[in-house]
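Novice: this is a predicted model, with the sequence first.
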Amino acid sequence: MPNLSIASVSHIVQLWQSLFQATIAMSTFGGSITFQVIFQQVDGQPVEEDPHVFRFDYKDSRSFLAGSWAAFLIVLAISCIAAIALTIRRQETVEGFKHTFPRRWALFIVVAGWLAVEGLIVAFFFSSLAVTAYSNKTGWATAGFTVLCAIGTLVFWPALVSYVIQILCAPSLRRDCFLTSRSPVKRGGGR
C-alpha cells in the first residue's frame, strides 16, 4: 500500500462509516420485518406432496425466520459497535490505515465490516430457506445465490479492501493522495 495522506485516509474512514450506516439500516429494516412475521399466525395451504422434492414445513419457516432475525440483530450489534469505535478512535484508525497492512483499530474496522457483510448474507440465507416453504424453487435459488455471495465475500474481501484503497488514492483521481516513487515525475511542457 502506498504512503497515504491524511485526506485520503479520511476518505477511506468515511467509506467505512458509510458501510456501517448502511448495514445498520439494512439490519434494522430486516430485523423488524422478520420479528413481525415470527409472531404472526402462519397458515400454510396444504401442498400436494411430491416425494422427489424436498420442501420445508411451514413451522420450519418460522424457525428460519427466527434465525434470520438473530443474524440481523448480531449484524446490528457489530455495526453499531464498529461505528462507535470508528467515531471514538478515529485518529487511531486513520493512523492504522497508513501502513502496508491495516493495524490495530483499522484492522478491527476491516474485520467488523467483513463480519457485518457476512452476517447480512447469513440473514438473507435464513430468509431464503423460510421462502422454500411457500415457493420451493425461488427459495432454493436465492439460497444458492446467497451461498455464492458468502463464498465470494470470504474470498474477495481482502482484495476488495485493497482495491478500494488504491482507487481512492490513485493520483489521477485524487490530488490529495501521493504515491512515493523512486524517480521524480517532471511536470510541465518544458524542454
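Specialist: In hand now; what should we look at?
Novice: buried residues in the worst-scoring helix or strand of the chain on mean pLDDT?
Specialist: Ranked by mean pLDDT, DSSP states H and E, the weakest helix or strand in the chain is helix 90-96, scoring a mean of 76. Under the neighbour-count criterion of 16 or more other CB atoms under 10 Å, helix 90-96 has 93-96 buried. The way it works is simple: take the backbone N, C-alpha and C, and place the C-beta from them, glycine included.
Novice: how about the helices of this protein, start to end?
Specialist: Remark: helices assigned in the chain by DSSP state H are 6-38, 58-88, 90-96, 104-131, 136-168.
Novice: go through those helices and find the least confident stretch.
Specialist: Across the helices of the chain, helix 90-96 has the smallest mean pLDDT, namely a mean of 76.
Novice: around residue 29, how many other residues sit close by?
Specialist: Residues near residue 29, counting by other CB atoms under 10 Å, number 11.
Novice: looking at the buried residues of helix 90-96, which one is closest to residue 10?
Specialist: residue 94 (6.7 Å; CB to CB).
Novice: I figured that closest one hits residue 11, correct?
Specialist: No - the pair residue 94 and residue 11 fails to qualify as a contact (CB atoms under 8 Å) at a distance of 10.5 Å.
Novice: circling back: among the buried residues of helix 90-96, which one sits closest to residue 127?
Specialist: For those, the nearest to residue 127 is residue 93 (32.4 Å; CB to CB).
Novice: residue contacts, the closest one?
Specialist: 13, 16, 85-86, 105-106, 109 (CB atoms under 8 Å, 6 or more residues apart in numbering).
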